[in-house]
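1. following is a predicted model, sequence given first.
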Amino acid sequence: MITAQDKILHVASKLGLTSLKDMQGSTGAVYDVDTDLNGQIFSAASRHQNPSVTNLTDNQFEVNEALLVENIAFYVRKTSGGVTNFQLDYGSSAVIVFDLVIGNKRVMKDTPVFASGSPYAFSNVANVNITLGAGVAQAYLPRHQVFMEGAGILIPPQVQWSINYTIFNTVTGAIIAPTANTAIGCYLFGTKVNLNFNTSI
């Protein structure tokens, strides 16, 4: 079985980054919001410089950084701040179809992430308790995010990346425009490597 570390080291050796073996791995996440409403995320991260919108200053890692993306999640951010519910804003038949672009290559193309339904790895439905009158019943209610697990895509150092997305109505096939006062955000979560100063200095 190929581990996350094996993938990172393999790509690093192909890029000629011999110091990667001296780096420390940790959990990492990057996020950004499409405040321009143009269907692109991360491409304009440097313009935001705002922790409520993004945690990036650029859409490429430095020479000693890389991220093995394990989960990709989308969410709806209100213009006034805070996160609202994707399914309530866009409907239960909404689907996000996205491309993950690294460098000039689309490493994930036309990948759907559904607002609800199976398989659960692509779902934002959670089993929670709700109160119905005097009783309590189990019901499926949507979480804030729609997400995809197990991506296994490595973003190498010094290569720009972005996500292009469109929201579709799966019943009519129509493109769904952003709802008023909201914007789509995305975060990439996985294993990140950083320079280990204990062994590199």
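-> Structure received.
2. could you use CA atoms for every contact and neighbour count after this?
-> Fine.
3. let me know the pLDDT of P178.
-> On pLDDT, P178 comes in at 83.
4. do the same with N71
-> Here, the pLDDT recorded for N71 equals 84.
5. please apply the same query to I41.
-> 95.
6. contacting residues for A174?
-> F168 (C-alpha atoms under 8 Å, 6 or more residues apart in numbering).
7. any idea how far Q158 is from it?
-> Separation of A174 from Q158 (C-alpha to C-alpha, to the nearest Å): 37 Å.
8. quick one, strands of the protein?
-> Secondary structure of the chain (DSSP state E): strands located at 24-33, 40-41, 66-78, 83-84, 94-102, 105-114, 125-132, 135-142, 146-155, 161-169, 182-194.
9. got the contact list for the first one?
-> Contacts of strand 24-33 with the rest of the structure, by C-alpha under 8 Å, 6+ apart, involve 41-42, 45, 53-56, 67, 77, 183-196.
10. could you do the fourth one as well?
-> The contact list for strand 83-84 (C-alpha under 8 Å, 6+ apart) reads 75-78, 144.
11. going by distance to T35, which of these wins?
-> Nearest to T35 among those, counting by C-alpha to C-alpha, is R77 at 9.2 Å.
12. gap between the closest one and T27?
-> Distance of R77 to T27, computed by C-alpha to C-alpha: 24 Å.
13. for these two, indicate the residue with more neighbours.
-> Between R77 and T27, counted using other C-alpha atoms under 10 Å, the more crowded position is R77 (24 against 11).
14. residues in contact with that one?
-> R77 is in contact with 33, 83-84, 182-185, counting by C-alpha under 8 Å, 6+ apart.
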